[in-house]
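Colleague: Sequence first, predicted coordinates after that:
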Amino acid sequence: KMQSILFSLLLILFAFQCGCLDTKGLKLKLVTVATDDTDGLKRLLRSAKVYDLDLTVTGMGLKWEGGDVARFAGGGHKVNILKEKLEQWKDEPDTVVMFTDAYDVILTANAETILEKFLDFDCKVVFAAEPYLWPDLSLERYYPTTTLGYKYLNSGGFIGYAQDVWNLTNDKPIGNDEDDQLFYSVLYVDKRTVYDIRLDHRSHIFQNLNGAFEDVELEFRENDTVLLNKLYQTYPAVVHGNGAAKIDANNLGSYLAKSWVKQVGCLACKENEIKNFDFSPENAPIIQLSIFVEDPTAFLPLFLNRISQLSYPKKSIHMFIHSNVDFHSAPVNAWIKETHKLYKSYLIKSPHKKLDEAAAKNVSVDECLQKEDCKYLFAINSNAMLTNKDTIQLLMQRNVPIISPLLRRPGKFWSNVWRLVAPDGFYARSFDYFEIINAERTGVWNAAYISSVILFNRDSLEQGLSFDSPDLSSDMSLPAFLRKRGTFMYSDNQEQYGHLTDSTNYDVTRRNPDMYMLFDNKIDWETVYLHENYSANFLPAANFSIPCPDVYNVPLLSPLYCQQLIEEMEFFGKWSGGGHNDARLTGGYENVPTVDIHMNQIGYEDHWLGIIKDYVLPLQEKIYTGYYSEGKSIMNFVVKYHPKGQKYLRPHHDSSTFTINIALNRHNVDFTGGGSNFLRYNCSVPQNPIGWLIMHPGRLTHYHEGLEIKSGVRYIMVSFIDP
């Protein structure tokens, strides 16, 4: 007899491990209760379709009477709706019914696998299990001892023979506002032997994530991505973001049910995408493009120029602008004057309107909704530097209600998208954050927070949005509102859309604070301030102009940089007197004095040395091959020549290994005369284009003088490198 028992146990264990119990003749009916068509329900339906599961949704359109189950006990209405549906199957002995919650569940297996797992339990009904007891802690003493696994019943998922599930749910009445989990928990502790109920302690079928997220991990297979419970080495068929684990389920949902497969990437993206959008000027959907300038922002003119360069048909755009920064009034007004006739309509909310960011965004939503032709709202803050001209069209093609392009600060891990938030609503790092922001995994990702630039379709606007919260900023308030309502928001990193600017150190007391953004926003700094032909210096066929022996003429800085450097110096205004006594210098004496301002006087020394290191030295290494400089320079200054001030500079050697001399304004336009004369070679450089440098050796060989200016004012930037 003992041998027979052991043999039977071995057969059961073998069947349990290999999943090979006979399911022939059994039919699986999946049922869920949903009164609203939410994003979570759509996700559940998609996962059922992926695995060819017969899922019935019951309760749609009914008024929910089960209370606020996200915050309080409740949900009895769910049981009562379910009872009505179960009645049609109660007399079918070969029917197995599986119930799951609707809004926070993902299915990950087909019917045969689910039935095999159910039969492994060798009981009539199996309920999901979790590590927390809810809502009545006094039931603890009635639960049987569990050595391994999650101990307590969770009502978000159960499976059983149709007749047994019918009998169980009809054991006693339950009020719509009573708690469904308490209802099932009492039945379990009181009548588990009567109804032959077992709990899925080790997540063979049901994986509840609340309190167990650290127990699971994704397993990437060739044609699917599944969830592994690491503790018990099981592969659950139902993943449930119960309780506080909604965001965890959203994270996993971007992969599960063949949403993202390692071999091919984002399958769900391809399923959802609309590729035949007509974006011609005649047929492009009308949108509202809302710009929000809420804080002093680095490179705002460049940001506005990027908006102008977007390829979406301008006559299909209602323009809305909220500018709340007096410092930016001039560039904003100049851009409006330049572009206002290009767009379908224009609405401007300037600082005197006294709207904060949240109020302005609410007004923007209302403005779009009041226009019957407004199908989308594209909202963008001034820190979002879009470099992809097709951004709007690409986001529309993704075909989701609320989506943001992923942007990050270059060279940093700061982005406008979080896949996870901490309990206080602020940033928490998701398991895949780095892979996503580094574009090692690309797709359309369910996000917990998006900001800076968002595309909303009209349906999402009509459902209502809120940017107001007493405890959160407007950018934090909207995601918190959407998370609470169960509305999904997405981020797309399938394209390079642009980047975020960093205005942390943006100092509006400067005349031109963008100049000081070299270290904070290097990409934008280069776009604005490097000469348009700078990169051509490094082409294989590049030929440098050599006006005098070993004197090279090379483009370095843009005319705008030169203009703003002059403005910054004049704004500072403390020009030296041009005398020999100079308290700015060690020793207090200048042998060959000029009327000048040193870079360190305007707080620009480190920035200028950075320019030398990053942009001048690569030129020097190509020009004077074999010499490798560390870019040391003590003397960096702007010289001002004027007919009534310093007209010229007497012959001298520079205290440098090599010198750069950059023209900051235009010869024969802003001044006449001037130039550099190299006496040993009887060779002068009278005309240096604005932003171009002349580079020449300093000591010994290139004795030179500054030629007399005849009219106007001449400005040059000089550095003595490697003194």
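Modeller: Received, thanks. Given the structure is predicted, the values throughout are model-derived calculations rather than measurements.

Colleague: I figured residue 240 hits residue 158, correct?
Modeller: No. Residue 240 is not in contact with residue 158 according to C-beta atoms under 8 Å; the separation is 11.2 Å. In this view, the C-beta of every residue, glycine as well, is placed from N, C-alpha and C.

Colleague: any residues in contact with both of the two?
Modeller: 128, 206 (C-beta atoms under 8 Å, 6 or more residues apart in numbering).

Colleague: dump the residue contacts of the closest residue to residue 392 other than its chain neighbours.
Modeller: By the measure of C-beta to C-beta, 6 or more residues apart in numbering, the closest residue to residue 392 outside its immediate chain neighbours is residue 312, 4.4 Å from it. By C-beta under 8 Å, 6+ apart, the residues touching residue 312 are 279, 284, 287, 289, 392, 393.

Colleague: Residue 331: what secondary structure?
Modeller: helix (DSSP: H, G, I helix; E, B strand; the rest coil).

Colleague: rewinding a little: looking at the contacts of residue 312, state which has the most neighbours.
Modeller: residue 392 (27 neighbours; other C-beta atoms under 10 Å).

Colleague: residue contacts, that one?
Modeller: 287, 289, 310, 312, 376, 378, 455.

Colleague: Helix, strand or coil: sort out it for me.
Modeller: On the basis of three-state DSSP, residue 392 is classed as helix.

Colleague: And for residue 319?
Modeller: Per three-state DSSP, residue 319 ends up strand.

Colleague: tell me which residues form a beta bridge with it?
Modeller: residue 289, residue 346 (DSSP bridges).

Colleague: Touching, it and residue 347? I think so.
Modeller: Yes. Applying C-beta under 8 Å as the test, residue 319 and residue 347 come out as touching, 7.1 Å apart.

Colleague: Compare these two (neighbour count), which wins?
Modeller: More neighbours surround residue 319 than the other of residue 319 and residue 347, with 20 against 14 (other C-beta under 10 Å).

Colleague: where's the more buried one relative to residue 335, distance?
Modeller: With distances taken as C-beta to C-beta, to the nearest Å, residue 319 is found 10 Å from residue 335.

Colleague: With residue 556 instead?
Modeller: Look at residue 556 and residue 335: by C-beta to C-beta, they are 28 Å apart.

Colleague: Tell me which of the two has more neighbours.
Modeller: residue 556 (24 against 21).

Colleague: Quickly note the distance from the more buried one to residue 662.
Modeller: Where residue 662 is concerned, residue 556 sits at a distance of 6 Å (C-beta to C-beta).

Colleague: same deal with residue 181?
Modeller: 74 Å.

Colleague: With residue 529 instead?
Modeller: 12 Å.

Colleague: So the residue nearest to residue 392 lies in a strand, does it not?
Modeller: No. Counting by three-state DSSP, residue 312 is not part of a strand but coil.

Colleague: Show me what secondary structure element comes after the helix-or-strand element of the chain with minimal mean pLDDT.
Modeller: Each helix and strand of the chain was given a mean pLDDT (mean pLDDT, DSSP states H and E); the minimum falls on helix 2-18 at a mean of 45. Using DSSP states H and E, the helix or strand that directly follows helix 2-18 along the chain is strand 27-33.

Colleague: And the helices in the stretch 201-350 of the chain?
Modeller: 246-253, 267-272, 300-309, 329-339 (DSSP state H, counting those that start in this stretch).

Colleague: Is residue 175 part of a helix or strand, or is it coil?
Modeller: When the rule is three-state DSSP, residue 175 gets the label coil.

Colleague: From the rest of the structure, what touches stretch 211-230?
Modeller: 108, 130-132, 150, 202-203, 207, 209, 231, 234-236, 239, 243, 245, 248, 252, 255-256, 258-263.

Colleague: Now do the buried residues in that stretch.
Modeller: 212, 213, 215, 216, 218, 224, 225, 226, 227, 228, 229 (16 or more other C-beta atoms under 10 Å).

Colleague: Then stretch 267-275?
Modeller: 267, 268, 269, 273.

Colleague: can you give me the offset of it from its chain's centre?
Modeller: Chain-centre distance of stretch 267-275: 20 Å, with C-alpha atoms, centre = their mean, to the nearest Å.

Colleague: Please enumerate residues in contact with that stretch?
Modeller: 46, 254, 258-261, 396-400, 443-444, 494.

Colleague: For that stretch, give the mean pLDDT please.
Modeller: The predicted model assigns stretch 267-275 a mean pLDDT of 94.

Colleague: ok so, going back, tell me which of the helices of the stretch 201-350 of the chain sits most buried.
Modeller: helix 246-253 (a mean of 24; mean count of other C-beta atoms under 10 Å).

Colleague: what bridges to residue 545?
Modeller: residue 553.

Colleague: doesn't residue 555 make contact with it?
Modeller: No. Using C-beta under 8 Å, residue 545 is not in contact with residue 555; the gap is 9.6 Å.

Colleague: who's more crowded, the two?
Modeller: Neighbour totals were compared for residue 545 and residue 555, and residue 555 leads with 20 against 14 (other C-beta under 10 Å).

Colleague: number of nearby residues for the nearest residue to the more buried one once chain neighbours are set aside?
Modeller: Computed as C-beta to C-beta, 6+ apart, the closest residue to residue 555 that is not its neighbour in sequence is residue 531, at 4.0 Å. Other residues near residue 531 come to 22 when the count uses other C-beta under 10 Å.

Colleague: So for residue 531, what's the pLDDT?
Modeller: 98.

Colleague: What residues does it make contact with?
Modeller: 555, 556, 557, 558, 691, 692.

Colleague: can you rerun that using 6 Å?
Modeller: Neighbour list for residue 531: 555, 556, 557, 558, 691 [criterion: C-beta atoms under 6 Å, 6 or more residues apart in numbering].

Colleague: repeat for residue 311
Modeller: 389, 390.

Colleague: Can you check the pLDDT for it?
Modeller: 98.

Colleague: hang on, the earlier thing: can you tell me how far the residue nearest to residue 392 is from residue 340?
Modeller: Distance from residue 312 to residue 340, by C-beta to C-beta: 17 Å.

Colleague: cool, and residue 370?
Modeller: Residue 370 is 20 Å from residue 340, by C-beta to C-beta.

Colleague: which residues sit in contact with residue 65?
Modeller: 77, 176.

Colleague: so it is in which element?
Modeller: Going by DSSP H and E, residue 65 is not part of any helix or strand.

Colleague: any idea how far it lies from residue 177?
Modeller: 7 Å.

Colleague: With residue 555 instead?
Modeller: The value you get for residue 555 to residue 177, if C-beta to C-beta is used, is 75 Å.

Colleague: C-alpha coordinates for stretch 483-501, PDB please?
Modeller: Only the C-alpha atoms of stretch 483-501 are listed here, as PDB (Å, rounded to 0.1, in the frame of the first residue of the first chain):
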ATOM      1  CA  ARG A 483      -2.000  57.400 -12.400                       C
ATOM      2  CA  LYS A 484      -4.800  57.800  -9.900                       C
ATOM      3  CA  ARG A 485      -7.500  57.600 -12.600                       C
ATOM      4  CA  GLY A 486      -5.800  54.500 -14.200                       C
ATOM      5  CA  THR A 487      -5.100  56.400 -17.500                       C
ATOM      6  CA  PHE A 488      -2.000  55.100 -19.200                       C
ATOM      7  CA  MET A 489       0.700  57.600 -20.500                       C
ATOM      8  CA  TYR A 490       3.400  56.500 -22.900                       C
ATOM      9  CA  SER A 491       6.900  57.400 -24.000                       C
ATOM     10  CA  ASP A 492       8.500  56.700 -27.300                       C
ATOM     11  CA  ASN A 493      12.200  56.200 -27.800                       C
ATOM     12  CA  GLN A 494      12.100  54.600 -31.300                       C
ATOM     13  CA  GLU A 495      13.500  57.800 -32.800                       C
ATOM     14  CA  GLN A 496      15.900  60.400 -31.700                       C
ATOM     15  CA  TYR A 497      13.700  63.400 -31.000                       C
ATOM     16  CA  GLY A 498      16.000  65.800 -29.300                       C
ATOM     17  CA  HIS A 499      17.100  66.600 -25.800                       C
ATOM     18  CA  LEU A 500      16.400  68.600 -22.600                       C
ATOM     19  CA  THR A 501      18.300  71.800 -21.900                       C
END
